[in-house]
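S.K.: I would like the atomic coordinates for the input below:
(chains A and B)
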Amino acid sequence: MAENFEQHSDVSATDLARLTQEAQAEATPSTAKIIWSEFKADKPAMVALFIIVGFILFVMIGALFINTPKMMETNIMAYFNQPFTSDFWLGADSGGRSVAKQLIVGSRNSIGIAIGLTIISSTFGICWGLISGYFNGYIDWGMQRVYDFMMMLPMTMMIIVLVTIIPHYNSVTLTLIFSIFYWEGTSRLIRSRTLAESEKDYVAASKTSGTSNWKIIFREIMPNISSLIIVDCTLSFAENIGVETGLSYLGFGLPSQTPSLGTMIANANDPNNITQYWWTWLPAALEIIILCLSISYIGQVLRRAADASQRQGAAD
Amino acid sequence: MWKTILRRILIMIPEVIILSILVFLLAKAMPGDPFTGSINPKADPQQIHHLMKINGLYDPWYQQYWHWVVHLFHGNLGNSYQYQEPVTRLIGGRAANTLWLALFTMILTYAFALPMGVYAGRHEGKLPDTIIRVYTYVTYCIPFFVILVLGIWIFGYVFGWFPTTGSISSSASGWLSTIGSRFYHILLPGILGALFGTVNIVQYLRSEVIDAKGSDYVRTARSKGVPSKDIYRHHIFRNSLLPIAAFAGYSITGLLNGSIFTETVFSYPGMGLLFVNSISYRDYTVITALVLIYGILNLLGTLLSDIILSIVDPRIRIE
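M.R.: The predicted structure follows:
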């Protein structure tokens, strides 16, 4: 033993650097690195990532330069202006308002609400699932009954009723209303993973050594299922774009003076618009399809990155 | 077995009671009173006051709730202020339309999904499997109302193959042409709903088939010399039929939620469109009734699925 120690103690600085490098090379790569190599291996995913990031940046910055109240003013001279002209790239709607500008502001609103909704509902769903899955027994039973009850509610109808009750709502209240009803999927997924996770040895060991329950839940179990959380958030983000636009389409989301992708598609409710003035609604519809497909595709890539057996990228 | 079902139903009762209280309070909180709009603006305020009083609108909420529940059990859901007829009759007329459309969509969904699921599982990892996977993925991601709008635009307006509004054409007479016309009106929404609702069944069936391929009973059948086609059709498919059937209950929830969009896009006079219209007229007797009916239908759908699943898989029976 003593000899060994002697030997190890006089490792030269160059050797130490080399050993450190070797150790780093053999270490498990970080999550970010795995995800990046997964994207590099999958060219369509790279395209989807660039579309999404570029597009979100474009509408967020572009919308800053557009004066919304001025844009929404009626301009009778431009009544159903044809698309692909110099003033109106995508034409104008029945009020002579530029479709292209509405599309930018509308995308900003829709994506913004979807991001807010994803953050709020996922946070709530993750906490609900973790707590319900970790504490078995009465707490879990009670939380599951609440979950069952929420699943029974006709969601779309409840949201519409709530929106009509609240007199002055804006995008923040709207996001909160949606959040009440869209945490169940996440909570269910997280709960089942937490159930499996809390039976593992490290949790038992931590419990015996006296770690508090909250610390086990949020500092030990949660980091271990973080890849699942990332995947689930991405997929619910794509879904949430559909939630807001769908209700705005029915006329119960954002008010008609605030453009959203949904209110733009609602232009198609008029039989004249849908055929003759297709440019008032078709761009918004196509945009939603592209957005949802790209975001979910990114979600699929993240899922592959999270599951070592499905990875395509060389993890180096 | 029966114990499980009984327990499941017992759990349902408090859920229904809480739902009814919630729905009632929400309806109370809606702006305007039920006489808004149906009364001449010159009417005497005293008279309105009197009307409110005899209709019990000044009572405390729990008394009003109790009256409402008593009426409910007598099959009396009140009068619609917008249509001036009993809510039960109004909804009864619309419910048939919604249920026919939902039933048709469900049958078509199974008709599309079952062969796809078995086929994908059978040819796991090959080209057909990839195509089916991409198809289910695409249909799952796109919001359904966008598909409805695009569908009615392409097939209803541009090509003119399908009607774009209503549930029956006004010229239909005689029972044969009535049924024909009704069927024609649910054809496009039904096909769209089915094409874009297959994902759950296909994925479940696919993984079932892949699991079953390596199981002992399939190997036995193979060594007996049963043709491959018959193994898939009679052994594997038959085995996964019940859990697949259990999906029908869960999909009721999705179909009902979707009916609001489908019926709005196609101006199809069912319960979903009635709901959207009633909201804009603040017709809250109708709104209350519809939310309650949808909630109870959701509950029954889940119950049905849970019962079927507990028959199939004894592990999930509630103890």
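S.K.: Can you find the helix or strand of the chain with the lowest average pLDDT?
M.R.: With no chain named, the answer covers chain A. In chain A, the helix or strand scored least confidently by mean pLDDT, DSSP states H and E is helix A:2-9, which has a mean of 52.
S.K.: ah, no, chain B please
M.R.: When each helix and strand of chain B is scored by mean pLDDT, DSSP H and E, helix B:45-54 comes last, with a mean of 74.
S.K.: Can you list the low-confidence ranges for the stretch 201-316 of chain A?
M.R.: Counting by pLDDT under 70, the low-confidence segments of the stretch 201-316 of chain A come to A:308-310, A:312-316.
S.K.: residues from it in reach of chain B?
M.R.: Residues of the stretch 201-316 of chain A found near chain B (CB under 8 Å from any CB of the partner chain) are A:238, A:241-242, A:245-246, A:249-250, A:252, A:265, A:268-269, A:271, A:274-275, A:278, A:281-282, A:285, A:288-289, A:292-293, A:296, A:300. All C-beta spots, glycine's among them, are computed from the backbone N, C-alpha and C.
S.K.: Apply 7 Å and report the result again.
M.R.: Proximity of the stretch 201-316 of chain A to chain B (CB under 7 Å from any CB of the partner chain) is limited to residues A:238, A:242, A:245-246, A:249-250, A:265, A:268, A:274-275, A:285, A:288-289, A:292-293, A:296.
S.K.: Quick check: buried residues in the helix ranked longest in chain A?
M.R.: Secondary structure of chain A per DSSP state H: the longest helix is helix A:99-134. Going by neighbour count (16 or more other CB atoms under 10 Å in any protein chain shown), the buried part of helix A:99-134 is A:99-114, A:116-118, A:120-122, A:124-134.
S.K.: quick revisit: show me which of the residues of the stretch 201-316 of chain A next to chain B are buried.
M.R.: A:238, A:242, A:245-246, A:249-250, A:265, A:268, A:274, A:285, A:288-289, A:292-293, A:296.
S.K.: can the strand or helix carrying B:Ile13 be found next to chain A?
M.R.: In the assignment (DSSP states H and E), B:Ile13 maps to helix B:2-29. Yes. Judged by CB under 7 Å from any CB, helix B:2-29 and chain A are in contact via B:15, B:18-19, B:26, B:29.
S.K.: Just the buried subset of those residues, please.
M.R.: Neighbour counting with 16+ other CB under 10 Å marks B:15, B:19, B:26 as buried within the residues of helix B:2-29 next to chain A.
S.K.: Save those as CSV, and put in distance to B:Asn79 too.
M.R.: As requested, those are exported to CSV (distance: CB to CB, whole Å):
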residue, distance to B:Asn79
B:Glu15, 28
B:Leu19, 22
B:Leu26, 19
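S.K.: So which residue is dead centre in chain A?
M.R.: Residue closest to the average C-alpha location in chain A (CA atoms, centre = their mean): A:Phe237, at 2.6 Å.
S.K.: Return the residues in contact with the nearest residue to that one once chain neighbours are set aside.
M.R.: Among residues not flanking A:Phe237 along the chain, A:Thr118 sits closest, at 4.6 Å (CB to CB, 6 or more residues apart in numbering or on different chains). Contacts for A:Thr118 (CB atoms under 7 Å, 6 or more residues apart in numbering or on different chains) come out as A:233, A:236-237, A:240.
S.K.: Determine which two of those are furthest apart.
M.R.: For the contacts of A:Thr118, the farthest-apart pair by CB to CB is A:Cys233 and A:Asn240; their separation is 10.0 Å.
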